[in-house]
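Visitor: Give the three-dimensional model of this entry:
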Amino acid sequence: MKISLIICAYNEENYIKTCLEKAMENSSRKLHEIIVVDNNSTDRTKEIAEKIPGVKVVQEIQKGANFARQKGFEVSSGDILAFIDADNHIPKNWINILIKEFENNSELVCLSGPYIYYDFSKSKQFLSLLFWYFAYPVYLFVGYMAMNGNLVIKKETLKKIGGFDTTIFYGDDTNIARRASKHGKVKFKLGFVVYSSARRMHGQGMAKTTFIYILNFFSQVFTKKSVTKSYKDIR
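Guide: A predicted model of the protein is given here:
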């Protein structure tokens, strides 16, 4: 099993070094490669990433998270592709859970899990964890769910579905999960977490952000389209 870790980054000079250090520290040398896709950053993101040994840095000049993910998909050489965001930290058991899930289930084509926000207050941490426990029965009913900042997918499956939809931002993770589910099992595992910044929650409000994600989840499920067409970069 060759696992490519792909990290998409736009103006992430405050986050990328820690993200990469955590990835190397907690992957137990079980990664085939680490790729940083610099999405046309105007800060020191690319410079910082290039200084870390063992990290391959490529550039995608077309602005947009899914353009960056698509580039990572195209240049990767692993057969399992793991996507995280540059403000994410993978925990120590993350890589072992990933390997175990794919080794134990030949039908599994996509694995995902929730975020734990490391810069939330304790009360908001509790609310966000509560949200995932309410969301899990929805996953069981629908049959698929994913978060693109914590997404693992077989490369052959991504090829079959034509890669990422670069026309959308909100609902893109549900879009990938829905299309991948046509080719095998898509699993959302509550214990398969990454630690993430809550900067979007801070920037546009927790209630508003949650509502937008829920709205676009159900829109993708029932209409195969996203409702929200625009988004704002929050750094």
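
Visitor: buried residues in the lowest-mean-pLDDT helix or strand in the chain?
Guide: Scoring the helices and strands of the chain by mean pLDDT, DSSP states H and E places helix 199-204 at the bottom, with a mean of 90. Along helix 199-204, these residues count as buried under the neighbour rule (16 or more other C-beta atoms under 10 Å): Arg200, Met201. In short, each C-beta sits where N, CA and C put it, glycine included.

Visitor: swap in stretch 13-28?
Guide: Glu13, Asn14, Tyr15, Ile16, Lys17, Cys19, Leu20, Lys22, Ala23, Met24, Asn26, Ser27.

Visitor: any chance of these in JSON lines, plus distance to Leu5 and secondary structure?
Guide: Below are the buried residues of stretch 13-28 laid out as JSON lines (distance: C-beta to C-beta, whole Å; DSSP: H, G, I helix; E, B strand; the rest coil):
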{"residue": "Glu13", "distance to Leu5": "20", "secondary structure": "coil"}
{"residue": "Asn14", "distance to Leu5": "20", "secondary structure": "coil"}
{"residue": "Tyr15", "distance to Leu5": "15", "secondary structure": "coil"}
{"residue": "Ile16", "distance to Leu5": "13", "secondary structure": "helix"}
{"residue": "Lys17", "distance to Leu5": "15", "secondary structure": "helix"}
{"residue": "Cys19", "distance to Leu5": "10", "secondary structure": "helix"}
{"residue": "Leu20", "distance to Leu5": "9", "secondary structure": "helix"}
{"residue": "Lys22", "distance to Leu5": "11", "secondary structure": "helix"}
{"residue": "Ala23", "distance to Leu5": "6", "secondary structure": "helix"}
{"residue": "Met24", "distance to Leu5": "10", "secondary structure": "helix"}
{"residue": "Asn26", "distance to Leu5": "11", "secondary structure": "helix"}
{"residue": "Ser27", "distance to Leu5": "7", "secondary structure": "coil"}
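
Visitor: For the spatially most central residue of the chain, give me its contacts.
Guide: Nearest residue to the geometric centre of the chain (C-alpha atoms, centre = their mean): Gly149, 1.8 Å. If a contact means C-beta atoms under 8 Å, 6 or more residues apart in numbering, then Gly149 has Phe83, Ile84, Asp85, Asn88, Tyr115, Val194, Ser196 as its contacts.
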